[in-house]
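> here you go, sequence then predicted model.
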Amino acid sequence: MCESATDAVHPRFFRKPEHYVRAFKIALIQMSVGPDKAKNVAAAISEIHKAKEKGAQLVALPECFNSPYGTKYFEEYAEEVPSGSTCRALSRAAAEAGVCVVGGTLPERCGHALYNTCTVWDGSGALVATYRKMHLFDIDIPNKITFKESEVLSAGDQITTFDYQGIKIGIGICYDLRFIEMSHLMAKQGCSLLIYPGAFNMTTGPKHWELLARARANDEQLWVALVSPARDTTAGYVAWGHTLLVDPWATVVDQLGEAPGTIMADVDVNLVEEVRSQIPIRVQRRTDIYDTVHKK
Ligand SMILES: O=C(O)CCC(=O)C(=O)O
């Protein structure tokens with residue numbers, strides 16, 4: 001019998017490992033964050049356990065979940081990764097609950113530098129990824145909002161993805177959502193879901209938060225999750241809230257308001273393949289033209 005090149009390779013090499021999944025339940029935690037660091041961390045840990053009880057397999061926390069958001073707080077709340085107390089608590093919670101935890105962000109200290117950093121923990125409590133925010137939030141909208149993270153933070157320089165049971169997931173942080181190049185690179189690396197812990201504000205939130213999430217999902221034909229702290233109108237920086245999950249058709253699957261809450265939803269990678277095969281922009285790009293024009 002004539003064998004094709006594919007048949008000639010032992011099927012063992014094609015079989016997906018037993019633990020690979022096509023879908024999983026995600027929990028996006030929109031929690032209140034205040035000035036008491038220990039209280040913030042305890043609240044996050046309690047939410048991880050509650051999400052697990054409701055069936056979550058992957059739990060994501062918001063940006064700056066252990067510290068108020070603001071340049072004046074980062075130095076005081078910063079800790080080393082992964083030896084600091086917040087990381088140790090996240091690792092323990094992930095192991096005790098047996099879930100993957102995308103640990104929002106925390107101010108990280110490394111030598112003299114500070115970063116806005118996301119840590120990811122697997123169900124045994126092992127650190128599987130660390131991402132330092134790459135695009136710092138420096139904007140100036142007169143009479144509305146001026147913010148300059150670069151006054152105190154350093155920028156990361158590594159695109160970061162991790163594998164969850166055979167599904168590749170990319171991490172960005174808040175302002176990173178505005179940069180299509182970054183999401184495009186993560187999609188090219190095989191991601192089916194991008195998770196952005198973020199805290200937009202009362203000026204840019206209503207204008208751009210959902211728009212950008214849906215744009216990234218539509219551009220890259222993948223799942224996008226944005227996870228915000230709940231709104232606290234007494235805080236120096238008032239977060240927009242509106243944690244949401246968008247599917248690869250760019251449909252908002254669920255979105256919270258301003259109050260604390262949790263989105264629980266199924267993330268199905270079959271939908272990524274469905275959209276990509278039915279609207280095949282990934283293989284229709286005219287890079288021959290774009291590259292030529294670029295080089296001129
Ligand atoms: O891009 C925006 O409008 C908000 C970004 C932000 O709040 C952040 O990067 O922390």
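Perfect, I can see it now.
> and the residue of the stretch 1-150 of the chain found nearest the ligand, what is it in contact with?
Distances between the stretch 1-150 of the chain and the ligand by CB to the nearest ligand atom are smallest at Phe137, namely 3.3 Å. (Glycine included, C-beta is placed from N, CA and C.) Contacts for Phe137 (CB atoms under 8 Å, 6 or more residues apart in numbering) come out as Phe147, Lys148, Glu149, Cys174, Tyr175.
> contacts for the strand or helix carrying Glu274?
In this structure, Glu274 is located in helix 269-278 according to DSSP states H and E. Applying CB under 8 Å, 6+ apart, the contact partners of helix 269-278 are Arg22, Ala23, Ile167, Ser192, Leu193, Gln221, Leu222, Trp223, Asp247, Pro248, Trp249, Arg282.
> which of the contacts of Phe137 are buried?
The neighbour count (16 or more other CB atoms under 10 Å) marks Phe147, Glu149, Cys174, Tyr175 as buried among the contacts of Phe137.
> near the ligand too, which of those residues?
Among these, proximity to the ligand is found for Cys174, Tyr175 (CB under 6 Å from any ligand atom).
> narrow the buried ones among the contacts of Phe137 to those in strands?
Using DSSP state E, Phe147 are the members of the buried ones among the contacts of Phe137 that sit in strands.
> can you list contacts of stretch 280-291?
Residues outside stretch 280-291 that contact it (CB under 8 Å, 6+ apart) are Gln221, Arg276.
> next one: stretch 30-41
In contact with stretch 30-41 (CB under 8 Å, 6+ apart) are residues 43-44, 47, 61-62, 64-69, 77, 85-86, 89, 227-230, 232, 241, 243, 256, 259-263.
> please redo it, this time with the cut-off set to 7 Å
43-44, 47, 62, 64-68, 77, 86, 89, 227-230, 232, 241, 243, 256, 260-262 (CB atoms under 7 Å, 6 or more residues apart in numbering).
> tell me which of those fall in strands.
Val227, Gly261, Thr262.
> quick check: pLDDT value at the last one.
Thr262 carries a pLDDT value of 98.
> can you check the first one too?
Here, the pLDDT recorded for Val227 equals 98.
> tell me the contacts of it?
For Val227, the contacting residues are Leu28, Ile29, Gln30, Ala60, Leu61, Pro62, Gly104, Pro197, Gly198, Thr243, by CB under 7 Å, 6+ apart.
> at 6 Å instead, please
By CB atoms under 6 Å, 6 or more residues apart in numbering, the residues touching Val227 are Leu28, Ala60, Pro62, Pro197, Thr243.
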